[in-house]
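Chemist: Give me a model of this one.
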Amino acid sequence: MFRHLPPLNAVRAFEASARLKSFTAAAGELGVTHGAISRQVRNLEGWFGFALFLRSNRKVTLTPEGQEYLDEVSTVFDKLSVATERLTGPRGVTVLRICAPETFSVRWLIPRLSALARAHPNIEIRLRPMVTLDEHLTDSFDVVIRRGEMERPGFTSAPFLRETCTPVISPRLLEQMPMDRPRALRNHTLLNAESLDHLWPSWLQNAGLGERHVPRNLRFQSLNYALQAAVEGLGVAMGPSALVADDIASGRLIAPLPEHALTMGDFHILTAANTSSHDPAYIFRRWLIEEQPKE
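Modeler: Numbers count the residues shown, from 1 in each chain. Purely as a prediction, here's the structure:
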């Protein structure tokens, strides 16, 4: 029997978008871009010859035809899921979508995720970098991490990582160009991160110096780049204590002037306010707070 079927990838994109009421959320669930979801939905609408969604100001709502189709498609997908589990057994895996700053993820979170995986093998982590806060405070993510408190209706913000910040340098460069006091920085190149461009001016002022005492600067877009440049011996970077702790413990970096430390804002984790104790977001938040260094 011939089956008159639409493009199935487009149907999947439609179902996720309609169920989540967001193209962005559907993209996060299916692991594709927002543009890919939008193209698939438009392909499906082109196949039908009429609109399934009404679009306005980043909000999508179903047309009557779209709602009718969703009701049928959801039933079909539910039956398909049940049939699949009968053959393979339930996976028992829950996806946890996390949005966090790149440097924090690379230098602090990822090295510790193996401990979470061992303790909670049924949680599948999907980690993406943060661009802007408001862009990600949607149902696209279960957890948002950033430096500084976040206050949004319907969400709970909890601090979990306190930091100070001091200059860090590679052992090789420090041996070539000693730095036993702040004024010795006049012989060094400062490595600046545009994402935290206030750190060096604040530290220099705190140490009783001005930027005029430092003749050379290199600038990078992210803090991760600046810290890696310090590891490679290109100069001196500002090192947030938690993010350089592993580098210092391994001997890749040294903090030669610990007495002139800046206090930085705590990292916070944002989750939905109604998260239950069995929810992966709650489990992750509790684990994250327990993982922070003990004072």
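
Chemist: where does L96 sit relative to F160, distance-wise?
Modeler: Computed as C-beta to C-beta, to the nearest Å, the L96 to F160 distance reads 16 Å. All C-beta atoms are positioned from the backbone trio N, CA, C, and that covers glycine.

Chemist: my bad, should have said R97
Modeler: On the measure of C-beta to C-beta, R97 and F160 end up 18 Å apart.

Chemist: Those two: which is more packed in?
Modeler: R97 (22 against 17; other C-beta atoms under 10 Å).

Chemist: Quick check: the more buried one touching V144?
Modeler: No. Counting by C-beta atoms under 8 Å, R97 does not reach V144; the two are 9.6 Å apart.

Chemist: which non-adjacent residue is nearest the spatially most central residue of the chain?
Modeler: Centroid check for the chain by C-alpha atoms, centre = their mean gives A100 as the closest residue, at 2.0 Å. Nearest residue to A100, sequence neighbours excluded (C-beta to C-beta, 6 or more residues apart in numbering): I145, at 3.9 Å.

Chemist: Same question for H120.
Modeler: I283 (6.1 Å).

Chemist: Am I right that that neighbour is in a helix?
Modeler: Yes. I283: assigned to a helix according to DSSP: H, G, I helix; E, B strand; the rest coil.

Chemist: per-residue pLDDT, it?
Modeler: I283 carries a pLDDT score of 90 in this model.

Chemist: Run a quick check on it versus N122, I expect a contact.
Modeler: No. In this structure I283 lies outside contact range of N122 using C-beta under 8 Å: 9.8 Å.

Chemist: in the strand or helix carrying A115, what counts as buried?
Modeler: Assigned by DSSP states H and E, A115 belongs to helix 113-119. Residues of helix 113-119 classed as buried: L116 (neighbour count, 16 or more other C-beta atoms under 10 Å).

Chemist: Following the chain onward from it, which element is next?
Modeler: strand 123-129.

Chemist: Run through the helices of the stretch 151-295 of the chain in chain order.
Modeler: 171-176, 199-206, 223-231, 241-250, 280-291 (DSSP state H, counting those that start in this stretch).

Chemist: Buried residues of the lengthiest helix in the chain, list them for me.
Modeler: Identified as the longest helix of the chain according to DSSP state H is helix 64-88. For helix 64-88, a neighbour-count test (16+ other C-beta under 10 Å) marks 66, 69-70, 73 as buried.

Chemist: Now that helix: average pLDDT?
Modeler: Mean predicted confidence for helix 64-88 is 79.

Chemist: Ok, stretch 142-152 next?
Modeler: The model assigns stretch 142-152 a mean pLDDT of 84.

Chemist: Just the buried residues of that stretch, please?
Modeler: Of all the residues in stretch 142-152, those buried under the rule 16+ other C-beta under 10 Å are 142-147, 150.

Chemist: What about those residues, which are in helices?
Modeler: Going by DSSP H, the helices hold none of the buried residues of stretch 142-152.

Chemist: Report the two of these separated the most.
Modeler: Every pair in the buried residues of stretch 142-152 was compared (C-beta to C-beta); the two farthest apart turn out to be D142 and R147, at 19.4 Å.

Chemist: quick one, phi psi at R152?
Modeler: Dihedral angles phi and psi of R152 (degrees, to the nearest 10) take the values phi -140, psi 140.
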